[in-house]
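**Q** Fold the following for me, if possible:
(one chain, ligands or ions: 1)
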Amino acid sequence: MTPAARAAAAIGVLDRILDGQVAEVALTNWGRASRYAGSGDRAAVRDIVYDALRCRRSFAALGGGETGYGLVLGWARSSGQEALFSGEGHAPAVPQDAGREPLGLEALDCPEWLGPALSHSLGADFAAVLQAMRQRAPVFLRVNLAKTRREAAIAALAAEGIVARPHPLADSALEVTEGARKVQASEAYGDGLVELQDAASQAVVAMLPLRDGMRVLDLCAGGGGKTLAMAARAKLSLFAHDAEARRMADLPARAKRAGVSVTALARPETAAPFDLVLTDVPCSGSGSWRRDPQGKWALDGDRLAALTVVQAAILDRAAGMVGRGGVIGYATCSLLDAENGAQVAAFLGRHQGWRIEAERSFTPLEGGDGFFGAVLRAP
Ligand SMILES: C[S@@+](CC[C@H](N)C(=O)[O-])C[C@H]1O[C@@H](n2cnc3c(N)ncnc32)[C@H](O)[C@@H]1O
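**A** So this is what the prediction gives:
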């Protein structure tokens, strides 16, 4: 496919997404219907689509409308590629609209209604963080420190054409600089030496006071990313639960690859008390909008309010399962204070004697996703 034909394909995919399709589904459907597209074409179309979704407001202004055509034209104009719109062969039609420069929150690709809350939460970093959210996220790996060391993992990856370097956010973190698409087929990955995991997500786990012999529950385990990251840091009796058990379907295979054992619990109260309960709560995902840009535009005030209610309920439930002097680890991939510091403060207001032992916010300015972690100590 020519670059212009790739742009035209991205227009079609974006039109479906704007009609309500999930980005991954729209891309998969296009791929199935386009047998002529090679892996390079698929990757290029995907990159245009995701760039356009991250920068949906500003590209719509630049490209003269919030349509697939307008977004890809905005993308082309922002990157000096308007000549792709020649109307020749498979190329998109010649533009009829000059577009306009985006202004204010539009230029930052910030949803209008979230501007005040994000500005309150991020303070002086607001504009820089929103700008960073307009870029692609790096690919990070977590070195499984229970199996290998960081330098040995770098060497194993290099032998398979994957270049990675240590990242300062966590002692287990690697940033992949070349060959990211080869990771999941690599031996290093198959042998459980590395896992795909954001660097800030690793840093949140590194905040937890984990020690050999502890009984630890991951209360919102999902696919088990943090469960396994905890397992790599100490020899634990490790339990996992999720309100939607099917989300833990991959956990047994992942745990086996990592060489650890995790017990899934449908009713975690039956195994309480625990020394530490991790609550990696469902959240707005505002810290990971680089990876899930559709989420940025889908979030609304009702959804955010509902999430904060669920988060408070999960924290209260966790408090009931922590033994005397034990710990709750609270984590979100959110940039919003309502889900982070304010949620922790409200918990302390409801539960006498608990105290904050550590609290930290991460933003993409440090390289990883936006994350929040707090360590709460029981009386
Ligand atoms: C942020 S995700 C967890 C990601 C996971 N910890 C990881 O690192 O891969 C939040 C998870 O919480 C689960 N969840 C939602 N409501 C819950 C509840 N009330 N109790 C327990 N889990 C819940 C969701 O199904 C989802 O899998």
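
**Q** Strands along the protein, start to end?
**A** 139-143, 163-166, 173-178, 194-196, 215-218, 237-240, 263-264, 274-280, 322-332, 355-362, 371-377 (DSSP state E).

**Q** Quick one: closest of those strands to Ala7.
**A** For Ala7, the closest of the strands of the chain is strand 139-143, at 24.5 Å, according to Cβ to Cβ. Just so you know, the C-beta spots here come from the backbone N, C-alpha and C atoms, and that holds for glycine as well.

**Q** returning to what we had before: the strands of the chain: which one's closest to Gln343?
**A** strand 322-332 (7.4 Å).

**Q** Point out the other helices and strands that the closest one packs with.
**A** strand 274-280, helix 301-319, helix 341-350, strand 371-377 (3 or more Cβ pairs under 8 Å, 6 or more residues apart in numbering; DSSP states H and E).

**Q** How about the longest one, which residues are buried there?
**A** Of the residues in helix 301-319, those buried under the neighbour-count criterion (16 or more other Cβ atoms under 10 Å) are Leu304, Leu307, Thr308, Gln311, Ile314, Leu315, Ala318, Ala319.

**Q** what's the domain layout of this structure?
**A** 3-106, 139-196, 206-377 (automatic domain parsing).

**Q** Is it possible to get the ones you listed out as CSV so that each row also shows mean pLDDT?
**A** Listed next are the domains of the chain as CSV, based on pLDDT from 0 to 100:
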stretch, mean pLDDT
domain 3-106, 97
domain 139-196, 96
domain 206-377, 97
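
**Q** Relative to the ligand, which of these is closest?
**A** Closest of the domains of the chain to the ligand is domain 206-377, at 3.0 Å (criterion: Cβ to the nearest ligand atom).

**Q** The closest one: end-to-end distance?
**A** With Cα to Cα, to the nearest Å applied, domain 206-377 spans 16 Å between its terminal residues.

**Q** Next, the contact list for Tyr36, please.
**A** Met1 (Cβ atoms under 8 Å, 6 or more residues apart in numbering).

**Q** tell me, what residue is most central in this structure?
**A** Nearest to the geometric centre of the chain sits Ser288, at 3.8 Å (Cα atoms, centre = their mean).

**Q** what's the spacing between that residue and Thr332?
**A** For Ser288, the distance to Thr332 (Cβ to Cβ, to the nearest Å) stands at 10 Å.

**Q** do the same with Pro138
**A** 20 Å.

**Q** and those two? which has more neighbours close in?
**A** Thr332 (27 against 17; other Cβ atoms under 10 Å).

**Q** Noted, bye for now.
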